[in-house]
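Visitor: Let's see this in three dimensions:
(chains A and B)
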Amino acid sequence: MNDRSIAQILVGIDSNTVLSGARQIKTKLITELSRQGLSEEVKVIETGSIGPTNQGVVLGVFPGGELYANITEDEVEEFIQERFVKGRTYKKRLLAETLPEELRLQEYDSRKTQYYGRIVLDNCGRINPEDITEYIGVGGYEALGYVLKEKSPQEIISIVQDSGLRGRGGAGFPTGLKWSFTFREKRYPKYVICNADEGEPGTFKDRLIMEGDPHKIIEAMAIAGYAVEAETGYIYIRGEYKLSLERLQKAIAQAKEMGFLGNNIFGSDFNFDLQLKIGAGSYVCGEETALLSSLEGYRGEPRLKPPYPAQYGLKQQPTLINNVETLANIPAIILNGSQWFRHFGTENMPGTKVYTVLGHINRPGLIEVPIGITLREIIYDYAGGISSGKFKMAQIGGTAGDILPEQLLDVPLECQSLQELGHNLGSGALLIMNGTVSVADFLRSCMKFFVHESCGKCSVCRIGTSYLYEACDRLNRKEGYVDELKNMKDIATTLKLTAFCPLGQSVAQPVLSALKYFEEELKEGSNPNKKGKLPTREKSEGVFYYS
Amino acid sequence: MATNIQETELTQEEKFQQLMKFIESNREKKGFLIPALHKAQEIFGYLPAEVREFVAEQMNIPVSTVMGVVTFYSFFRMNPVGKHNITVCMGTACYVRGAKKIVEAVENTLGIKPGETTEDRMFSLSIQRCLGACGLAPAIMIDHEVHGRMTPQKLEQVLELYK
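Guide: Take a look at the predicted model:
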């Protein structure tokens, strides 16, 4: 390709910016550059998400590295004049000139900025996701080639185990261990499934990873297939994720064409076929056994574990199921080695985590930071601080996550430190709330979600979620029973200990943490004079009547 | 916006034909119920009793199993919806950013509550779980397009586009 361009404009096109007119801006940029005779020198490239999600259309300009936001179509002409003809930064829409000194750190420092040191999101916002040659250009499919030519499945599994990578879907199970379980089973065919259901409200990291870098997922799944001896892979993706679906479809077609999928990949004996499966609107299908039920065409009801999918999964065959973000770490770990990976994050949980930071903050969006960073650092350094009022509480891990108060702002976000306090890191959604949100009202909306999404298979969850919703509703209207809080705690604990699947168990998280940290506020919702009625029993003509 | 123009052009007869062809061509595949229902909803707009029974018969599975799947997944609709379906996201991120006010605004402007359709069958309103557009909270979806950073004022303008 004869590319004589000296500058590039990256237009971040993802599901958020498309709505703000990103495609029109891209077209306008191209026509305007052509009109001003700059098409040779300045290239316009479409990429995935660049980061900020509430700043309209975001552009990155290289080689300077500046970011511009909220550009409108009318401003394009002026922008090109200023930036490329006169050579000055377009101050009107400048978002970040270069990163401030204190945020630019050394290679292995414990903190990384949004735009340096990304592992999972390294290509998002930098390459065109719809062009496989760009992915190859930044080293794509190299890991797959290396693996097929020089490593055996056991060696790959050791690398992943040594790296200490843990699942990024919310459970945090050691990935290498999971791979070894599926490898051990010697019944064929085996399957690899990518869980791209992402139903947790507040989480959309997987969507942006798939939109920004679909080839990385494809490569990772092929590597996983080789490691566990599977020849078929499925990506189970939410029906609502239209753009991800389109980009993945294009990417799979391109990969097939180039021989990265199909038979005898890289001239080896390894064959791998990848298909997309679409979900139909159900939160519980993000749970791995419910996902399997859904793939087989049934109601997404979870199954008993053990046996685990590694032994009896899809169609009762050994199956490996991993989250999108977990898989996105694999190519980098293979190419750079497990010791490199361990430089990031903490001893117990190495690597980085992609967070979607939302709520009452100035810069909502997607960030990738090393594990171990605290909530305070995320809110005040990365997210630009609270947008109005004061910080009151944060819910980490989506609707099924714990609610953390101000006292816990300095706890490192990492599974061990949180587990010691009885909390869980979760999928990576951070919802920051100020004083305008009442705890009872918020809990009520969380419970409403679970009432709808409970599959109904086990009574504890089916009835428990309904009760918790009604209780929160009563507290919100200040009509709670005098022992409402005690009952809520009992039911939530019962759910945690006896629910059939992780959905039921995690319903307890927001309730128990709210009761732990915000008891005073919740108590205001109960009416001290309202006592529950005890059921009565009457016998009439040999029949007992209860009321 | 123009996603369902097909509906008015095919007769009922032809629609069933199309659906049958789709099921026939995929008969070998196991676990094909959900994609078949997706296709049926695409052709008919929703899944009335006769379509559900048709699918059950063609795929040789009990109607009760089809019902079980249709009622489980929120995508599938058993009642006809208006020409334009407005979905307001009530996920936690949108809720915290005022999604309730948007629902009230729709109720006031169009006079329908969640689950209802307007008299002239132009609009219907439903509440949905998280759409994954949390960066643009509060978000609504009209047909297949997501509209973010919604306010009651903006809502009026957006609705005009669909009239």
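Visitor: Next, count neighbours for residue A:448.
Guide: 20 (other CB atoms under 10 Å in any protein chain shown). To be clear about C-beta, it is placed using only N, CA and C from the backbone, and glycine gets the same treatment.
Visitor: nope, residue A:281 is what I was after
Guide: Neighbours of residue A:281 under the rule other CB under 10 Å: 17.
Visitor: residues in contact with it?
Guide: The contact partners of residue A:281, by CB atoms under 8 Å, 6 or more residues apart in numbering or on different chains, come to A:239, A:240, B:73, B:74, B:75, B:76, B:129.
Visitor: hang on, residue A:247 is in a strand, isn't it?
Guide: No: residue state for residue A:247 (DSSP: H, G, I helix; E, B strand; the rest coil) corresponds to helix; a strand is not indicated.
Visitor: Okay, the closest residue to it other than its chain neighbours and residue A:384: tell me how far apart.
Guide: In space, and not counting its chain neighbours, residue A:247 is closest to residue A:214: 4.8 Å by CB to CB, 6 or more residues apart in numbering or on different chains. Distance, residue A:214 to residue A:384, by CB to CB, to the nearest Å: 30 Å.
Visitor: More neighbours: which of those two?
Guide: Per other CB under 10 Å, whichever of residue A:214 and residue A:384 has more neighbours is residue A:214, with 28 against 15.
Visitor: Which one (most neighbours) among the contacts of residue A:281?
Guide: Top of these by neighbour count (other CB under 10 Å): residue A:240, with 26 neighbours.
Visitor: Retrieve the pLDDT associated with that residue.
Guide: Predicted confidence (pLDDT) for residue A:240: 78.
Visitor: Reduced to three states, what does it come out as?
Guide: Recorded secondary structure, residue A:240: coil (three-state DSSP).
Visitor: can you check residue B:53 too?
Guide: Residue B:53 - assigned by three-state DSSP - is helix.
Visitor: Likewise for residue A:171?
Guide: coil.
Visitor: check contacts around it.
Guide: Per CB under 8 Å, 6+ apart, neighbours of residue A:171: residue A:502.
Visitor: Let's see the pLDDT reported for it.
Guide: We have a pLDDT of 84 for residue A:171.
Visitor: Could you confirm residue B:160 falls within a helix?
Guide: Yes: counting by three-state DSSP, residue B:160 is found in a helix.
Visitor: can you tell me which residues contact it?
Guide: Residues near residue B:160 by CB under 8 Å, 6+ apart: none.
Visitor: How much space separates it from residue B:109?
Guide: In terms of CB to CB, residue B:160 sits 11 Å off from residue B:109.
Visitor: So which bits of stretch A:456-465 are buried?
Guide: Residues of stretch A:456-465 classed as buried: A:457, A:458, A:460, A:461, A:464, A:465 (neighbour count, 16 or more other CB atoms under 10 Å in any protein chain shown).
Visitor: Against which helices or strands is the helix or strand hosting the last one packed?
Guide: Counting by DSSP states H and E, the element that carries residue A:465 is helix A:459-476. Applying 3 or more CB pairs under 8 Å, 6 or more residues apart in numbering or on different chains; DSSP states H and E, we find helix A:459-476 packed against helix A:439-453, helix A:484-498, helix A:502-517.
Visitor: Quick check: pLDDT value at the spatially closest residue to residue A:473 that is not a sequence neighbour.
Guide: Nearest-residue entry for residue A:473: residue A:444, 5.4 Å, with adjacent residues in sequence omitted and distances by CB to CB, 6+ apart. Residue A:444 carries a pLDDT value of 90.
Visitor: what's the neighbour count on residue A:444?
Guide: Residue A:444 has 22 neighbours, counted by other CB under 10 Å.
Visitor: Touching, it and residue A:474? I think so.
Guide: No: with contact defined as CB atoms under 8 Å, residue A:444 does not count as touching residue A:474 (9.3 Å).
Visitor: Domain-wise, how is chain A divided?
Guide: Taking automatic domain parsing as the criterion, chain A consists of the domains A:7-98, A:132-340, A:352-434, A:439-523.
Visitor: Surely residue A:422 forms part of a strand?
Guide: No: under three-state DSSP, residue A:422 sits outside any strand and is assigned coil.
Visitor: just to revisit the earlier point, out of the contacts of residue A:281, the closest to residue A:482 would be?
Guide: Nearest to residue A:482 among the contacts of residue A:281: residue B:129, at 33.3 Å, using CB to CB.
Visitor: Pass me the low-pLDDT residue ranges in chain B, would you?
Guide: B:1-9, B:30, B:132 (pLDDT under 70).
Visitor: Repeat the analysis, applying 50 as the threshold.
Guide: Chain B contains residues with pLDDT under 50 at B:1-7.
Visitor: near chain A, which residues of it?
Guide: Within chain B, the positions near chain A by CB under 8 Å from any CB of the partner chain are B:30-35, B:37-38, B:65, B:68-69, B:72-76, B:90-93, B:95-97, B:129-137, B:144-149.
Visitor: so where do the helices sit in chain B?
Guide: Using DSSP state H, the helices assigned to chain B run over residues B:5-9, B:12-25, B:33-44, B:49-59, B:63-72, B:92-96, B:99-110, B:152-162.
Visitor: quick one, which of those helices is packed in tightest?
Guide: Comparing the helices of chain B by mean neighbour count (mean count of other CB atoms under 10 Å in any protein chain shown), helix B:92-96 ranks first with a mean of 28.
Visitor: counting contacts, what elements does it pack onto?
Guide: Helices and strands touching helix B:92-96, as assessed by 3+ CB pairs under 8 Å, 6+ apart, comprise strand A:352-359, strand A:429-434, helix A:439-453.
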